[in-house]
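Engineer: compute the structure for the input listed below.
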Amino acid sequence: MLAQQRQAAILDRVRAAGGVRVTELAAEFGVSDMTIRRDLDLLHDRGLLAKVHGGATLTGPGSTDEPGFHAKSVRQSAEKAAIAARAATLVRPGAAVALSAGTTTAELARHLVDVPGLTVVTNSLPVAEILHAGGRDDQTVVLTGGVRTPSDALVGPLAVGAVRSLHLDMLFLGVHGITERAGFTTPNLMEADTDRALVAAADRLVVLADHTKWGTVGISSIVPLGAAHLLITDDRLPTEARRTLAEQVGELVVVPGAERGVAQ
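Structural biologist: This is a model prediction of the structure:
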C-alpha cells in the first residue's frame with residue numbers, strides 16, 4: 001500500500017470510530033509505529049485530525065461536541081491511568097460509591113474489581129461491564145438505566161430517578177471541561193442533570209480530570225468548582241490553573257503522569 005493510500009485509510013478509520021491507536025494501525029497495515037506516527041503528523045499538519053497520546057482523534061470540539069467513548073479513551077491515557085490509580089486509594093472495602101460516565105472513571109473501575117464488599121452505582125456502560133467482568137460475588141453493581149449518549153453514558157429521567165433515593169459515600173465524577181466561571185461542565189444537557197443527581201446522593205465529591213479539561217467549556221454546568229471536596233489531576237496542569245483550583249476546591253491533588261510516548 002502506498003503512503004497516500006494508507007493515510008486515506010487512516011483518516012477513514014478516524015472518521016468512522018472517532019479515534020485510533022498507533023499500535024492498532026501499525027498491526028493492521030503491517031508497518032512500524034514510527035511510520036504510523038509520521039502519517040498522523042502529516043494528517044495533523046493538514047488539519048484533518050488531532051494527534052493525542054498514543055493515537056489520533058477527530059478535530060474541532062465545541063461546547064456541544066461529544067466524542068465517543070473510544071475516541072476519548074485514546075486521549076491522555078497515561079495521565080488518566082495515574083489519576084485513576086490515585087483515586088483508587090480512597091476506596092475502602094464495603095463502601096458504597098458512584099462512578100459517573102467517562103474514560104477516567106472507567107480506568108478507575110479496573111482498579112476496583114478486587115475491592116471486597118463494594119457497591120458501585122454507575123450510569124456508565126463501560127464501567128458496569130468492567131466490574132461485571134471482574135466476577136466478584138461480594139460486589140454489587142447498580143446500573144441506573146436511561147438514554148444512551150455517544151459517550152456510553154445513561155442519562156435522562158430514568159437515570160435521575162434511580163439515583164435520587166440513594167445515599168452514597170463518595171462520587172467519582174468525570175467531566176468534559178473546567179473553567180473558573182462555568183465550573184465543571186458537560187456537552188450533554190441530560191448528562192448534567194444525571195451528574196447533579198449523583199452529586200446530591202454522595203457525601204463526598206471527587207472529580208477526576210486530566211490537564212486538558214482546564215479551559216474547556218461544555219454547554220451545561222454540573223456544579224461549581226467549590227462543590228468538589230477533592231480534585232485529582234496530573235502534573236501537566238498549568239501553574240495558573242493549579243492556583244485557581246487550589247483556592248476553590250476543597251483539596252487539589254496533582255499526580256505525576258506516567259511515562260509518556262514519543263507522539264503527543
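Engineer: for whichever strand or helix holds residue 81, packing partners?
Structural biologist: For residue 81, the enclosing helix or strand under DSSP states H and E is helix 77-88. Other helices and strands packing on helix 77-88, by 3 or more CB pairs under 8 Å, 6 or more residues apart in numbering; DSSP states H and E, are helix 103-112, strand 205-208, strand 230-234, strand 252-255. (Glycine included, C-beta is placed from N, CA and C.)
Engineer: pLDDT (mean, whole number) over the first one?
Structural biologist: Averaged over helix 103-112, pLDDT sits at 96.
Engineer: what's the angle from it to strand 230-234?
Structural biologist: Counting by axes from the mean of the first three to the mean of the last three CA atoms, to 10 degrees, helix 103-112 lies at 100 degrees to strand 230-234.
Engineer: which strands and helices sit next to helix 103-112?
Structural biologist: Here helix 103-112 touches helix 69-73, helix 77-88, strand 96-99, strand 119-122, helix 125-134, strand 170-174, strand 205-208, going by 3+ CB pairs under 8 Å, 6+ apart.
Engineer: partners of residue 232 in the sheet?
Structural biologist: residue 208, residue 253 (DSSP bridges).
Engineer: from residue 82, how far off is it?
Structural biologist: 9 Å (CB to CB, to the nearest Å).
Engineer: settle it for me: which of these two has more neighbours?
Structural biologist: Neighbours were counted for residue 232 and for residue 82 using other CB atoms under 10 Å; residue 232 has more, 25 against 22.
Engineer: residue 5 versus the more buried one, what's the distance?
Structural biologist: Going from residue 232 to residue 5 by CB to CB gives 43 Å.
Engineer: mind listing what's buried in the longest helix along the chain?
Structural biologist: Looking across the chain with DSSP state H, the single longest helix is helix 3-17. Residues 6-7, 10-11, 14, 17 are the ones in helix 3-17 that count as buried (16 or more other CB atoms under 10 Å).
Engineer: now render those as TSV, adding pLDDT and distance to residue 242.
Structural biologist: As requested, those are arranged in TSV below (pLDDT from 0 to 100; distance: CB to CB, whole Å):
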residue	pLDDT	distance to residue 242
6	89	41
7	89	39
10	89	36
11	82	37
14	78	33
17	67	34
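Engineer: can you put those residues in TSV and add distance to residue 213?
Structural biologist: Below are the buried residues of helix 3-17 laid out as TSV (distance: CB to CB, whole Å):
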residue	distance to residue 213
6	33
7	30
10	27
11	27
14	22
17	22
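Engineer: and which of the residues you listed is nearest to residue 35?
Structural biologist: residue 6 (8.2 Å; CB to CB).
Engineer: all good on my end, thank you.
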